[in-house]
Each structure stands twice: as structure tokens, then as C-alpha cells.
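Asker: here is my input; please provide its structure:
(2 chains)
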Amino acid sequence: DVKVTQSSRYLVKRTGEKVFLECVQDMDHENMFWYRQDPGLGLRLIYFSYDVKMKEKGDIPEGYSVSREKKERFSLILESASTNQTSMYLCASSSGSGTDTQYFGPGTRLTVL
Amino acid sequence: KNEVEQSPQNLTAQEGEFITINCSYSVGISALHWLQQHPGGGIVSLFMLSSGKKKHGRLIATINIQEKHSSLHITASHPRDSAVYICAAGVGNNDMRFGAGTRLTVKP
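Answerer: Residues are numbered from 1 along each chain as shown, chains lettered A, B, ... in the order given. Okay, the predicted model is just below:
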């Protein structure tokens, strides 16, 4: 079974703090994704990566950066957290093209005070 | 207008009822996905389909490519089916467009 894990289920940070969210997958998938999920808006893509050290902006990259130094690990970084970044963050991975099933992690609920 | 629209937004049913969730999309797709999200956040892929119909247990997914419409049906619904169901259009090249989700509550 594919397993995607995220470093925290719940996180509370203060405005201006630097925040790291980590995601690890164990199926040697090429593609990894970071989404945020807000009520009524569905999942929105922040960034994705199709290979080590490669990244592409999604629909809402502003205020975020990512890092993929190893194939299995994809990190989302909030350089200076703001209250409007309070959200559920979901990581996913897939093996190939955009038609392939994405496997999701359990999510991190981030609250920025 | 969102590229992927789901209806209804919220659905409450009694145990045993037949349930239908609808999804319409306005983009060209390579595949249509149905996902399930239980309370607590985890998302599980239920179906990926590009034509016709797929069945898994009590769940059935259909797609009409010409009408750009898909439905998810649950037969003999059970309280454990309570979850958010998400329709997602795979538009190729690692791009997926998600609906806002349908929150289903099945009462015993």
C-alpha cells in the first residue's frame, strides 16, 4: 500500500513565524503535490514537483515555497506565516502523468494566530 | 464559474437509501476522479474513470463524456458512508481541478 505521511496533524503558529510542513511518500513516486483545502473552495494546488529539485507553481503559490532535495520528501515552507494561511494542508503523490491516481496524506491543520 | 461543479453541497440520507452525487465539468479531461474524505482529513481515491461505468462494492461511478457529467451512486447507504465526496477532473500534465465537495451524512 502507498503511504504518504505528513509531519504534523495539527499545528499552531504565530503570525510572522517560519513554518515547515513535511511530507514523505514510500512508493518511489515521481510527482508530489501540496494543496490547501478551505471550506467551499475545495482543494487548491500550491506547488507540485515532478522530480528531485524540480518544482512548479500551482494556482496559489504566493506566500509559500517548497523544497524537494530527495525523491521521497517534499516540504512546504511558509516564510512568514499570516492568519490567512490558516487552513488544512494536504500532500499527495502520484507515479506518472496527471491522469494517475494521487495518494493523499492525512493532512495538517494549521492555525496561525 | 468553477470548472468542476458538484451537487448537492450537502446531503442527508437515512440508512438504506440510494444516494446520487453529481459532478459537471467544463474542461477537457483525460480522467475523472472520485475521492472520499472522512472527518479528520484523510483523502482516499475511490474511482478513476474516463468512460462508462465502474463499480466497487456498493459504490458505482458513471461518466458521460459528451455531456461532461459524472455521477457517484451509493446503494444501501450506511452511516459509515458519511464523508465528503470530491469530484476531480484530471486535465493532464499533473493538473487536477477539484470540485468543492459534497458532504454526505447518513443517519441510522
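
Asker: which residues touch the residue in chain A positioned nearest to chain B?
Answerer: Per CB to the nearest CB, the residue of chain A with the smallest distance to chain B is residue A:107, at 3.2 Å. (Each C-beta comes from the backbone N, C-alpha and C, glycine too.) Residues near residue A:107 by CB atoms under 8 Å, 6 or more residues apart in numbering or on different chains: A:6, A:9, A:37, A:88, A:89, A:90, B:40, B:41, B:42, B:43.

Asker: show the buried residues in those.
Answerer: Restricting these to buried positions leaves A:6, A:37, A:88, A:89, A:90, B:41, B:43, with burial counted as 16 or more other CB atoms under 10 Å in any protein chain shown.

Asker: pretty sure the fourth one contacts residue A:36?
Answerer: Right, the one you point to is residue A:89. Yes: with contact defined as CB atoms under 8 Å, residue A:89 counts as touching residue A:36 (5.4 Å).

Asker: get me the contact residues on chain A for chain B.
Answerer: Counting by CB under 8 Å from any CB of the partner chain, the positions of chain A adjacent to chain B are A:9, A:31, A:33, A:40-45, A:48, A:50, A:56, A:88, A:90, A:92, A:94, A:97-99, A:101-107, A:109.

Asker: next, count neighbours for the closest residue to residue B:15 other than its chain neighbours.
Answerer: Distance criterion CB to CB, 6 or more residues apart in numbering or on different chains; nearest residue to residue B:15, sequence neighbours excluded, is residue B:108 at 5.2 Å. By the criterion of other CB atoms under 10 Å in any protein chain shown, residue B:108 has 7 neighbours.

Asker: quick one: residue B:108 from residue B:16, how far?
Answerer: 10 Å (CB to CB, to the nearest Å).

Asker: which neighbours do those two share?
Answerer: Any residue near both residue B:108 and residue B:16 by CB under 8 Å, 6+ apart counts here, and not one turns up.

Asker: stretch B:92-104: end-to-end distance?
Answerer: 29 Å (CA to CA, to the nearest Å).

Asker: so which bits of it are buried?
Answerer: Buried residues in stretch B:92-104 (16+ other CB under 10 Å): B:94, B:95, B:96, B:97, B:98, B:99, B:100, B:101, B:102, B:103, B:104.

Asker: quick one, grab the pLDDT at the residue in chain B that chain A sits nearest to.
Answerer: Nearest residue of chain B to chain A (CB to the nearest CB) works out as residue B:41 at 3.2 Å. In the predicted model, residue B:41 carries a pLDDT score of 72.

Asker: kindly report the same for the one 4 residues further on.
Answerer: At residue B:45 the predicted local confidence, pLDDT, stands at 91.
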